[in-house]
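Asks: Provide a 3D model corresponding to the input given below.
(2 chains)
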Amino acid sequence: MAYVIHSRSLSRHITGKSLFASLMLFIVLWMLTTSAHAAVLPEDRSDVMYHAYSGDGVSIDGPSFLLRKKVGNHVSFSANYYVDTVSGASIDVRATASPYEEQRKETSVGVDYLNEKTLLSSGYTNSSENDFEANSVFVSVKQDFFGDLSTVALNWSKGWDEVGVRGDESFAEEADRQKFGFGWTQVLTKSLIMGFSAEHISDEGYLNNPYRSIRFRDADSDRGFRFTRESYPTTRSSNAYSINANYYLPYRAALYADARVYSDSWGIDANNFKLGYIHPIGGWTIDVFARHYSQESADFYSDLFERENEFNFMARDKEMSSYSGITAGLHVSYEWQFSQTAMFKKSSIHVEYDYMQFDYDNFRDVTVADAAAGEEPLFSFSANVLKIYASIWY
Amino acid sequence: MKKPITSLLQFTIVCASLALGGCTSTVNEFGESVSNFKLEPWVKPYERSNLADPIMAVGRNPIALTYAKHVHESREGARGASGSAGGGCGCN
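Replies: As a prediction, the model looks like this:
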């Protein structure tokens, strides 16, 4: 099994890098032959948000702050501070451990540099928990051309994770991650804009969640099974391709949609589709959408293994299983416009609610104690996501 | 079977040739080379008011977009290509 996974990983890795190199070559040739026009820096704005997620026995909430400010006509700086306060226990934790509380703090800084037709961006992010530390950097270049009807973007990022375990000071693992992205946005008509994105991601190192367990049959235990720590491959490479479209309707409203296909060297194949509608009424804007997601399980996933060391790689993380999910959202905002000569140009408040429902095809609810091993009901859960934020432009 | 890298290189060359802006040409009666085809922007700047409307902006609220991406990546096995190149409305 290890050989199969590694050979597939290598093949997709080469293909992903070759694709990226080919696309870069194509873009350079294209840009050399077309007249380019000016890109723009992001707007100066500040946002303050409270976010809350509640589902599957877990509550996550906290604040987020985003600041953007230009310095001169060529440079814009950004900073984001984000906090997740997690409490409770998901089904994976309820089956094997006790509820917990922890906090994740994420800090990002970035800079954009505009040089006539080209926008160069770079940034650094640190995410810190008591048992996990992640650092990453990114660089991207974006170019408008063809009378500003086309935009291409190339992105690269690199990340370094340090993985620990609460209560086990001796546990220290690392993982590295690299991402290559390509994007193309194209104005097609006076009312239609479409985009295409491709991203290759490769990981190497300790890729498990150390708190997740597999279960295997054990005739000697009370319930006929026991748990032990998961074992994942130390490499993973994935390719994702997406398209999106925004269409301005004959009256002042817009339809938007996106679709993505995904596959990786662990055998996970996934796709998702989203359709939304935005309708302004005076200063109000109403945005409703529905999104569907589905995936096939990883090659080394099983809800119940036959024995403890049945394979080299074994997973029972529910995010590795086959399942589908829907999200339905209702977002409402109100905007105030001020004078363009005033210190503050405009401001807005937003209340955004999303309902999520996930149904698993081969992940069973082992907290149902009176069922035979492997015959428990399939797991499902719903979640409520709330975002309340205020924005101000200056 | 062709190697993927060979096929991709051929694909790139074909695309680049097309991108060279209708590079076919003919010679007119005066002996001058005349291009038969020129691809030009088909939506003029004065036709872009719909595209410039904020409701058409993909990333109009970046703080919410980043959070939504985080929620999905936490609950789903798939990752990547969840954004677009942005820009491109030709409104500025």
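Asks: how about the helices in chain A?
Replies: A:2-32, A:91-96 (DSSP state H).
Asks: pLDDT weak spots in the chain?
Replies: Answering for chain A, as no chain was given. A:1-38 (pLDDT under 70).
Asks: You answered for a different chain; I wanted chain B.
Replies: Counting by pLDDT under 70, chain B has low-confidence residues at B:1-25, B:35, B:83-92.
Asks: where along it do the helices fall?
Replies: Under DSSP H, chain B gives helices at B:4-19, B:49-52, B:62-75.
Asks: The second one near chain A at all?
Replies: Yes. With Cβ under 8 Å from any Cβ of the partner chain as the criterion, chain A is reached by helix B:49-52 at B:50-51. (Each C-beta comes from the backbone N, C-alpha and C, glycine too.)
Asks: Report all helices and strands that that helix contacts.
Replies: Helices and strands touching helix B:49-52, by 3 or more Cβ pairs under 8 Å, 6 or more residues apart in numbering or on different chains; DSSP states H and E: there are none.
Asks: which of the residues in it are buried?
Replies: Neighbour-count burial for helix B:49-52, counted by 16 or more other Cβ atoms under 10 Å in any protein chain shown, picks out B:50-51.
Asks: CA-only coordinates of it in PDB, if you can.
Replies: The C-alpha trace of helix B:49-52 is given here as PDB (Å, rounded to 0.1, in the frame of the first residue of the first chain):
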ATOM      1  CA  SER B  49     -20.800  50.000 -15.500                       C
ATOM      2  CA  ASN B  50     -22.400  46.700 -14.700                       C
ATOM      3  CA  LEU B  51     -19.100  45.100 -14.100                       C
ATOM      4  CA  ALA B  52     -18.000  48.000 -11.800                       C
END
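Asks: so where do the strands sit in the stretch 201-350 of chain A?
Replies: All strands of the stretch 201-350 of chain A, identified by DSSP state E, counting those that start in this stretch, fall at A:213-217, A:225-229, A:235-248, A:254-264, A:269-281, A:284-295, A:323-337, A:346-364.
Asks: Make JSON lines out of those and add distance to chain B and mean neighbour count.
Replies: Putting the strands of the stretch 201-350 of chain A into JSON lines (distance: least, Cβ to the nearest Cβ, whole Å; neighbours: other Cβ atoms under 10 Å in any protein chain shown) gives the following:
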{"stretch": "strand A:213-217", "distance to chain B": "16", "mean neighbour count": "21"}
{"stretch": "strand A:225-229", "distance to chain B": "19", "mean neighbour count": "16"}
{"stretch": "strand A:235-248", "distance to chain B": "4", "mean neighbour count": "21"}
{"stretch": "strand A:254-264", "distance to chain B": "4", "mean neighbour count": "19"}
{"stretch": "strand A:269-281", "distance to chain B": "4", "mean neighbour count": "17"}
{"stretch": "strand A:284-295", "distance to chain B": "5", "mean neighbour count": "17"}
{"stretch": "strand A:323-337", "distance to chain B": "7", "mean neighbour count": "17"}
{"stretch": "strand A:346-364", "distance to chain B": "6", "mean neighbour count": "18"}
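Asks: Distance to A:Gly205 added to those, as TSV?
Replies: Listed next are those as TSV, based on distance: least, Cβ to Cβ, whole Å:
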stretch	distance to A:Gly205
strand A:213-217	20
strand A:225-229	16
strand A:235-248	8
strand A:254-264	16
strand A:269-281	23
strand A:284-295	23
strand A:323-337	26
strand A:346-364	25
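Asks: so what's A:Asp359 up against?
Replies: By Cβ atoms under 8 Å, 6 or more residues apart in numbering or on different chains, the residues touching A:Asp359 are A:323-325, A:378, A:380.
Asks: Among these, which pair sits farthest apart?
Replies: A:Gly325 and A:Leu378 (13.7 Å; Cβ to Cβ).
Asks: now the contacts of A:Asp359 in TSV, with distance to A:Pro233?
Replies: TSV is the format used below for the contacts of A:Asp359 (distance: Cβ to Cβ, whole Å):
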residue	distance to A:Pro233
A:Tyr323	21
A:Ser324	25
A:Gly325	25
A:Leu378	26
A:Ser380	28
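Asks: which one among those residues gets closest to B:Tyr46?
Replies: A:Gly325 (43.8 Å).
Asks: partners of the nearest residue to A:Lys345 once chain neighbours are set aside in the sheet?
Replies: Setting aside the residues directly before and after it, A:Lys345 is nearest to A:Trp393 in space (Cβ to Cβ, 6 or more residues apart in numbering or on different chains), at 4.4 Å. Counting by DSSP bridges, A:Trp393 is bridged to A:Arg45, A:Lys346.
Asks: Around A:Trp393, how many other residues sit close by?
Replies: Look at A:Trp393: counted by other Cβ atoms under 10 Å in any protein chain shown, it has 16 neighbours.
Asks: again with A:Thr341
Replies: Using other Cβ under 10 Å: A:Thr341 sits among 6 other residues.
Asks: how close does it sit to A:Ser322?
Replies: Distance from A:Thr341 to A:Ser322, counting by Cβ to Cβ, to the nearest Å: 58 Å.
Asks: wait, which of the strands of the stretch 201-350 of chain A is closest to B:Asn50?
Replies: strand A:235-248 (4.0 Å).
Asks: The closest one pairs with which strands, and in what direction?
Replies: Assessed with DSSP bridges, strand A:235-248 is paired to strand A:192-205 (antiparallel), strand A:254-264 (antiparallel).
Asks: of the ones you listed, which approaches A:Gly276 most closely?
Replies: strand A:254-264 (4.8 Å).
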